[in-house]
Structures are given as C-alpha cells and as structure tokens.
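Novice: The sequence isn't on hand, but the structure is:
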C-alpha cells in the first residue's frame, strides 16, 4: 500500500465514507503485538492465514493449500478457477 493510498483510506475513515470493518488500514488493529511482530519477521504468513480463514468460512480461494511435501509441509498448489 502506498502512502497516498493509506492517506486516502485514513481520510475516508475520518469522513465516515468507509466502514471500519472494510478499511484495510484497520486490518490489524485488534491483533496482538507479538503476533504482528511475528508477521513482520516472516514467522507467520498472513496470506496463508487469510486463505485458511476463507476456507474455514466455506469460501474456496485460489491459490489453495492442498498438498504436502515429503517433510509434511503444506505446498501451495494453484487450482484454476
């Protein structure tokens, strides 16, 4: 997100033209600081977590984690829509 996009969303929040729950600048507002640090340090993959949450809600998303390698790690497999 560019600084300009962030400022535009911040103004929209102040003006009430975007709901807080739909504004990406508030995405991590309720997230624990330790978890945020782990995301920034690359210890937690926020994209993977979002993908899993969509799947938990019954909304399949491409790409999907649908396989495992020999060590048991999940492999990202892109499934065409």
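Specialist: Here it is on my side, so go on. The model shown is predicted, which means the values in this text are computed figures rather than measured ones.
Novice: Name the residues of stretch 44-55 that come out as buried.
Specialist: residue 51 (16 or more other CB atoms under 10 Å). (Each C-beta comes from the backbone N, C-alpha and C, glycine too.)
Novice: Backbone dihedrals for residue 23, both of them.
Specialist: Residue 23 has phi and psi values of phi -100, psi 120 when expressed as degrees, to the nearest 10.
Novice: What count of nearby residues applies to it?
Specialist: 15 (other CB atoms under 10 Å).
Novice: In three-state terms, label residue 58 for me.
Specialist: coil (DSSP: H, G, I helix; E, B strand; the rest coil).
Novice: Could you list the low-pLDDT ranges of this structure?
Specialist: Applying pLDDT under 70 to the chain picks out residues 61-68, 75-81.
Novice: Could I get the full set of helices for it?
Specialist: 3-15, 33-40, 46-56 (DSSP state H).
Novice: Of those, give the one that comes closest to residue 72.
Specialist: Between residue 72 and the helices of the chain, the tightest spacing by CB to CB is seen for helix 46-56, at 15.3 Å.
Novice: how near is residue 20 to residue 42?
Specialist: Going from residue 20 to residue 42 by CB to CB, to the nearest Å gives 28 Å.
Novice: Neighbour count: the two, which is higher?
Specialist: The residue with more neighbours, out of residue 20 and residue 42, is residue 20; 10 against 7, by other CB under 10 Å.
Novice: what about that one, distance to residue 32?
Specialist: Shown here: residue 20 relative to residue 32, a distance of 19 Å by CB to CB.
Novice: The helices of the chain: which one's closest to residue 25?
Specialist: Residue 25 lies closest, by CB to CB, to one member of the helices of the chain: helix 3-15, at 4.9 Å.
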